[in-house]
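Asker: Here is the input, now give the coordinates:
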Amino acid sequence: MLRKIISERNIKIAIGLPTMNSQGYIYNSLKKLQQELVLIPPNIKTSLVICLNGTNDNNATLNEIHKFTQENKQFQINTIIRPQPGKNEAVNAIIDFNKKNGIDITHLVDDDVSFTTGSISNNVKLLVLEQAKTKEPVMVGSHMKAYQYTLKDYLLQEKSWVSALKKCFWHNVFRLPFDDQSEEWPFNSAQSLAMYTNNFITLPPSNSGSVDDITLNYDIAARGKLLKTEGSEVFFKVAEDKKERENQQLRNLFGVLHSKAQFTKDTDKILKTLSWSYTTDPKMYKLPPKMGLSRLFFYLIHMYYRYQDARNANQHFTNNIVPNWGTASSTKPLDNINTVDPILVKSNTADRKYSNTALQAQ
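Answerer: Numbering: from 1, shown residues only. You can find the predicted model right below:
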């Protein structure tokens, strides 16, 4: 059935990549995407659309993109340059470009993640099959997984036991929702999600407090279907710094409140679809799977800080103070030339086997 649909419809897909100030890792991120693009069924015309937004680095990021483009002329690569920052605006620019150029499917990815082999291709196949069955919009996404590091890994990076212990502790707290033992969250992250281009709504301005993927998930939860693709996984680094993580959560939870205010219809369907054991909303909370004492300890700490973050976000929302986006530098890969993150190099246990190590060896 998949082959029949692809052959009859002459499908075009574009990978949408918003990025800013990513000169230290964007080249290798594009190399990862290259490995994924070649696995998409050959009858699907594939391109890459990069939106460089708000970057002020003397063209360092743009030069890395140009370097990749010159080395990979077999791919159609389009670069949109926006002088002003704002991820929502960057996503809108990608979607507008794709609509004008007759792109059927847009697959969004983040600029700092890794994939299990074939993840993007698997997403595209599932989307084509499922969208053919229904008129309601379908969004598919990858399973979100956080890299797992040990105390030994951190000792290789840090100068002192105290610093290594501190980072390892917070790592175990913050990565908890995204390990193999946690219940899968139905939410599809913009780290790796796909929809037919015409099903994307125009996102509100970033300075409104809207967060791109939160807004998109609330929209599709209200009027369509959210799916996770079997065999599709996206790996990312959780924040290793407590303050960085607080800033991330403040912005994200403010975005949740913005979306709740924006999508007031079909509230029950949204709450049911996006329920999770790591939410602070009692209407969306569900009990987590049974866990041992050690895991329960980290879960309780995680939820304690999540409730603090939620209270902070509520105060900002009530007072109409939109928190600023801050770059969480500890979540960014350091895998460009002459910059090697020893944690990424040394991490090789079973549930982190899809790290950047193989890429660095190329």
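Asker: Can you tell me the element residue 168 falls in?
Answerer: Here residue 168, judged by DSSP states H and E, is contained in helix 161-174.
Asker: Mind giving me the packing neighbours of the helix or strand following that helix?
Answerer: Tracing the chain past helix 161-174, the next element assigned as helix or strand by DSSP H and E is strand 192-196. Secondary-structure packing of strand 192-196 (3 or more CB pairs under 8 Å, 6 or more residues apart in numbering; DSSP states H and E): strand 105-109, helix 119-131, strand 138-146, helix 212-223. To be clear about C-beta, it is placed using only N, CA and C from the backbone, and glycine gets the same treatment.
Asker: Switch the ones you listed over to CSV; also include mean neighbour count and distance to residue 252.
Answerer: As requested, these are arranged in CSV below (neighbours: other CB atoms under 10 Å; distance: least, CB to CB, whole Å):
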stretch, mean neighbour count, distance to residue 252
strand 105-109, 26, 17
helix 119-131, 23, 23
strand 138-146, 24, 13
helix 212-223, 22, 7
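Asker: Next, format those as TSV and append mean pLDDT and distance to residue 296.
Answerer: Compiled in TSV, the helices and strands packed on strand 192-196 are given as follows (pLDDT from 0 to 100; distance: least, CB to CB, whole Å):
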stretch	mean pLDDT	distance to residue 296
strand 105-109	98	34
helix 119-131	96	31
strand 138-146	96	19
helix 212-223	97	28
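Asker: closest one to residue 290 among these?
Answerer: Nearest to residue 290 among the helices and strands packed on strand 192-196 is strand 138-146; the distance by CB to CB comes to 20.9 Å.
Asker: quick one: buried residues of the helix or strand that that closest one is followed by?
Answerer: Sequence-wise, the next helix or strand downstream of strand 138-146 (DSSP H and E) is helix 151-157. Neighbour-count burial for helix 151-157, counted by 16 or more other CB atoms under 10 Å, picks out 151, 153-155, 157.
Asker: what about the strands in this protein?
Answerer: With DSSP state E as the definition, the chain shows strands at residue ranges 12-19, 45-53, 76-82, 105-109, 114-115, 138-146, 192-196, 225-236.
Asker: Redo the helices and strands packed on strand 192-196 as a markdown table? Include distance to residue 172.
Answerer: Compiled in a markdown table, the helices and strands packed on strand 192-196 are given as follows (distance: least, CB to CB, whole Å):
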| stretch | distance to residue 172 |
| --- | --- |
| strand 105-109 | 27 |
| helix 119-131 | 25 |
| strand 138-146 | 10 |
| helix 212-223 | 25 |
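Asker: one step back: let's see the helix holding residue 168 as CSV, backbone CA atoms only.
Answerer: What follows is helix 161-174 as a C-alpha-only set of coordinates in CSV (Å, rounded to 0.1, in the frame of the first residue of the first chain):
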residue,chain,number,x,y,z
TRP,A,161,34.7,14.7,42.6
VAL,A,162,32.3,17.2,44.0
SER,A,163,31.5,18.7,40.6
ALA,A,164,31.2,15.3,39.0
LEU,A,165,28.8,14.1,41.7
LYS,A,166,26.7,17.2,41.4
LYS,A,167,26.4,16.9,37.6
CYS,A,168,25.7,13.2,37.8
PHE,A,169,23.0,13.7,40.5
TRP,A,170,21.1,16.3,38.5
HIS,A,171,21.5,14.3,35.3
ASN,A,172,19.7,11.4,37.0
VAL,A,173,17.0,13.6,38.2
PHE,A,174,16.4,15.5,34.9
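Asker: next one: phi and psi at the residue lying closest to residue 174 once chain neighbours are set aside?
Answerer: In space, residue 174 comes closest to residue 238 once its chain neighbours are excluded; the distance is 4.4 Å by CB to CB, 6 or more residues apart in numbering. Geometry field for residue 238 lists phi and psi as phi -80, psi 160, criterion degrees, to the nearest 10.
Asker: Give the burial count for residue 238, as a bare number.
Answerer: Each residue near residue 238 was counted by other CB atoms under 10 Å, and the total is 23.
Asker: Number the residues from 39 up from this point.
Answerer: Okay, residue one is now 39; in that scheme the one you just asked about reads as residue 276.
Asker: Wait, it touches residue 205, no?
Answerer: No - contact between residue 276 and residue 205 fails when scored by CB atoms under 8 Å: they sit 10.9 Å apart.
Asker: wait, residue 278 sits on residue 205?
Answerer: Yes - taking CB under 8 Å as the contact criterion, residue 278 and residue 205 are neighbours in contact, 5.0 Å apart.
Asker: before we move on, the earlier item: what would the strands of the chain look like in TSV with distance to residue 161?
Answerer: As requested, those are exported to TSV (distance: least, CB to CB, whole Å):
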stretch	distance to residue 161
strand 50-57	10
strand 83-91	13
strand 114-120	19
strand 143-147	6
strand 152-153	10
strand 176-184	5
strand 230-234	5
strand 263-274	5
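Asker: looking at those, which is closest to residue 66?
Answerer: Counting by CB to CB, residue 66 lies closest to strand 152-153 out of those; the figure is 9.6 Å.
Asker: Please name every helix or strand in contact with the closest one.
Answerer: Using 3+ CB pairs under 8 Å, 6+ apart, strand 152-153 sits against helix 64-75, strand 263-274.
Asker: List the buried residues for the longest helix along the chain?
Answerer: Among the segments of the chain that qualify as a helix by DSSP state H, the longest is helix 331-356. If you call a residue buried by 16+ other CB under 10 Å, then helix 331-356 has these buried ones: 333, 336-337, 339-341, 343-344, 347-348, 350-351, 354-355.
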